[in-house]
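K.L.:
A predicted structure for the sequence below; I have some questions about it.
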Amino acid sequence: MYKMETKIRQIKEMTLVKMAKHINNGTLVEMLPKLVKILLPGPDSNYRGSLYLEREILSQRIKIYLGLDMEKVRSMELYEIAEIIKDIFHEKCPELMAGENIIQVVKEACDACPSGHYVSDLCRGCLEKPCFKSCPKQAVSFNERRAQIDSKKCINCGLCRKACKFFAIQNLVKPCRASCPVNAILDDEHGRTVINRERCVTCGRCTIACPFGAIEVSAQLLEVLQHMKEGKEVIAICAPSIVAQFGVGVLFRNIKQALQEVGFTKVMDAYFDVLEVAYGADLVAAEEAEHLDAHKEFMTTSCCPAFVEYIKKHKKEFVEHISPVASPMGKMGKVVREKNPGATIVFIGPCYAKKLEGYRDPSIDYVLTYEGLQFIFEAAGVDPKDYEAVGEVEGTKEGWNFACSGGVSGYVQKLCKRPIKAIVMDGLEEANAAFSKVMEEECDLLEGMACKGGCVGGPGTLANPKVAAKFIKDLKVKSILDK
């Protein structure tokens, strides 16, 4: 999901960078109650025609960034949040936290976008009236020769639209709903967006699609910075798709130096100071190949948490076929946790669903996106471009290619001792077709990527996914599998 620079992102950047600076300076508790007025001083409004509405929306955004449950803290003022901010950072008030509800809606920001079938100016008020005749709920009527649709009666079956010979009836779908591949977007009684948790897989499409920035995600970068401020050992594990996220010519070896500069500590008894999950991908591919060789039964990949969540919620008959092997994040998290039991372990990647996986995985404390990492860099005045590329990239070429669609299955096929037939699901839009193909054909492995192009197309990325994919293709690595 390549995100262009937008007003919404500028607001997010402005807010989180400011909060990060206050944590670094030890002044967040003092400044949090004043933060909204500092960022939106007035007297004129900036975006919505009302300064007070803008301030209220920003206040609610801050609560989501802090990982709080909007339904529980909506009426709390920021000065009240400031009084318990350290308890929030140390997870001492779980009753207020969002938990698994990683993605939340700022109701005050939602514009209640209209949706459903409507009659455009193309209507000619014809004599035949096929729209009226086709409607099973009598929702179509005529006023001064022009058709009109009663939204309270309309069931959005689309028969009127198909019947109209002038193509005068259109179906308007709100952006967040149109983006959701699992139909998890509903409306409340006021037409505002509601997320159906029974269907949502935390892919994050809706957060990118909403033109009002009404759907937000817990940041977790503030908690990470607080742990650093307290002098704790904070270890970074970075996903393969980090390549090319911070500009042309910036390799992971540059980023390692920048990570240590902002406060990530060294990992003792590991190959490098910061670990790439590409090495975990090597371990996962080897285990999955071994599993397929031993059991000779159909299996789906488990690397993409949104895909795994999709199976659990929408293809339950395939749950028993999910790979028993942990994801690369889980694999590396376990390795690092065993070596550093008291450390704070942070995964850095492109994915919102990884935040959900991290919440459930005891080996991972926090999950940052590349966007969140960029805000940390900005707050500290650090630019990866300014650091020397030292050391060698660990893992294998195939392990780094886990970030691209087809990379997982391709690596497993290479390691298997027998021929393996694999199907690649490139984006959740292809899910139904992919699972139908599995039912119709003999297949050993289904690779599922929720985002088009793979992890390089995730909602927390900074770079064009095609550019990132090319960087991964051209990456030079040195294998450490023999160590």
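P.N.:
Yes, it's here.
K.L.:
end-to-end on stretch 207-227?
P.N.:
In terms of C-alpha to C-alpha, to the nearest Å, the two terminal residues of stretch 207-227 are separated by 28 Å.
K.L.:
and it, average pLDDT?
P.N.:
Mean per-residue pLDDT for stretch 207-227: 96.
K.L.:
go through it and flag the buried ones.
P.N.:
Across stretch 207-227, burial judged by 16 or more other C-beta atoms under 10 Å covers 207-210, 212-227. C-betas here are computed from N, CA, C, even on glycine.
K.L.:
measure the closest residue to Glu429 other than its chain neighbours to Leu445 for me?
P.N.:
Closest residue to Glu429 apart from its sequence neighbours, by C-beta to C-beta, 6 or more residues apart in numbering: Pro181 at 5.6 Å. From Pro181 across to Leu445, the span is 22 Å (C-beta to C-beta, to the nearest Å).
K.L.:
what about these two, which has more around it?
P.N.:
Relative neighbour count places Leu445 above the other of Pro181 and Leu445, with 24 against 18, counting by other C-beta atoms under 10 Å.
K.L.:
give me phi/psi at the more buried one?
P.N.:
Main-chain dihedrals, Leu445, degrees, to the nearest 10: phi -140, psi 130.
K.L.:
please apply the same query to Gln148.
P.N.:
Torsion angles, degrees, to the nearest 10, at Gln148: phi -140, psi 150.
K.L.:
that one contacts His117, correct?
P.N.:
No - Gln148 is beyond contact range of His117, at 10.8 Å (criterion: C-beta atoms under 8 Å).
K.L.:
circling back: now do the same for the residue nearest to Glu429: its pLDDT.
P.N.:
Among the per-residue scores, Pro181 holds a pLDDT of 97.
K.L.:
how is it assigned, secondary-structure-wise?
P.N.:
coil (DSSP: H, G, I helix; E, B strand; the rest coil).
K.L.:
now name the helix or strand holding Val424.
P.N.:
In the assignment (DSSP states H and E), Val424 maps to strand 422-426.
K.L.:
what's the mean pLDDT across that strand?
P.N.:
Across strand 422-426, the average pLDDT comes to 97.
K.L.:
sorry, back to before: which of Gln148 and His117 has more neighbours?
P.N.:
Higher neighbour count among Gln148 and His117: His117, with 22 against 14, using other C-beta under 10 Å.
K.L.:
next, the more buried one: phi, psi?
P.N.:
Dihedral angles (degrees, to the nearest 10) for His117: phi -80, psi 140.
K.L.:
quick one: it from Ala147, how far?
P.N.:
10 Å.
K.L.:
give me the common contacts of the two.
P.N.:
Common neighbours of His117 and Ala147, counting by C-beta atoms under 8 Å, 6 or more residues apart in numbering, are 160, 169.
K.L.:
domain map for this protein?
P.N.:
Per automatic domain parsing, the domain ranges recorded for the chain read 7-111+176-219, 116-172, 222-474.
K.L.:
one step back: pairing partners for the strand holding Val424, with directions?
P.N.:
Counting by DSSP bridges, the strands paired with strand 422-426 are strand 445-449 (parallel).
K.L.:
residues touching the residue nearest to Glu429, list them.
P.N.:
Counting by C-beta under 8 Å, 6+ apart, Pro181 makes contact with 203, 205, 427-429, 431, 450.
K.L.:
show me the buried residues of stretch 207-227 that map onto helices.
P.N.:
When DSSP state H is applied, the buried residues of stretch 207-227 are split such that 207-209, 221-227 fall in helices.
K.L.:
okay, the residues you listed in a markdown table with distance to Leu462 next?
P.N.:
Shown next, in a markdown table, are those (distance: C-beta to C-beta, whole Å):
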| residue | distance to Leu462 |
| --- | --- |
| Thr207 | 15 |
| Ile208 | 13 |
| Ala209 | 18 |
| Leu221 | 14 |
| Leu222 | 19 |
| Glu223 | 21 |
| Val224 | 18 |
| Leu225 | 19 |
| Gln226 | 24 |
| His227 | 24 |
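K.L.:
tell me the two of those residues that are most distant?
P.N.:
Within those, Ala209 and His227 form the most distant pair, 32.7 Å apart (C-beta to C-beta).
K.L.:
hey, where'd the helices end up in the stretch 101-250 of the chain?
P.N.:
Taking DSSP state H, counting those that start in this stretch as the criterion, the stretch 101-250 of the chain contains helices spanning 130-134, 159-163, 175-179, 205-209, 221-229.
K.L.:
distance to Leu68 added to these, as CSV?
P.N.:
Formatted as CSV, the helices of the stretch 101-250 of the chain follow (distance: least, C-beta to C-beta, whole Å):
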stretch, distance to Leu68
helix 130-134, 47
helix 159-163, 42
helix 175-179, 21
helix 205-209, 17
helix 221-229, 11
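K.L.:
what's the closest of those helices to Gly280?
P.N.:
With C-beta to C-beta as the yardstick, what comes closest out of the helices of the stretch 101-250 of the chain is helix 221-229 (20.0 Å).
K.L.:
just the residues contacting that closest one, thanks.
P.N.:
Identification of contacts with helix 221-229 by C-beta under 8 Å, 6+ apart yields 16, 19-20, 23-24, 26, 28, 65-67, 86, 89, 234, 262-264, 344, 346, 366, 368, 372-373, 375-376, 379.
K.L.:
out of those, which are buried?
P.N.:
Among the contacts of helix 221-229, those classed as buried by 16+ other C-beta under 10 Å are 16, 19-20, 23-24, 28, 65-67, 89, 234, 262-264, 344, 346, 366, 368, 372-373, 375-376, 379.
K.L.:
for Lys331, which non-adjacent residue is closest in space?
P.N.:
Once flanking residues are discounted, Lys331 sits nearest to Gly280: 4.1 Å by C-beta to C-beta, 6+ apart.
K.L.:
likewise for Ala422?
P.N.:
Nearest to Ala422 is Ser409, by C-beta to C-beta, 6+ apart, at 3.8 Å.
K.L.:
could you check how far the one you found is from Phe471?
P.N.:
Using C-beta to C-beta, Ser409 is found at 21 Å from Phe471.
K.L.:
work out which residue lies at the spatial centre of the chain.
P.N.:
Tyr352 (2.6 Å; C-alpha atoms, centre = their mean).
K.L.:
list the residues that contact the nearest residue to that one once chain neighbours are set aside.
P.N.:
Of all residues not flanking Tyr352 in the chain, Gly204 sits nearest, at 3.8 Å (C-beta to C-beta, 6+ apart). Residues in contact with Gly204 (C-beta under 8 Å, 6+ apart) are 1, 103, 217, 351-353, 458-460.
K.L.:
which ones among those residues lie within strands?
P.N.:
Judged by DSSP state E, the subset of these located in strands is 103, 217.
K.L.:
re the thing from before, mean confidence score for the helix or strand where the residue nearest to Ala422 lies?
P.N.:
For Ser409, the host element (DSSP H and E) is helix 407-415. Averaged over helix 407-415, pLDDT sits at 95.
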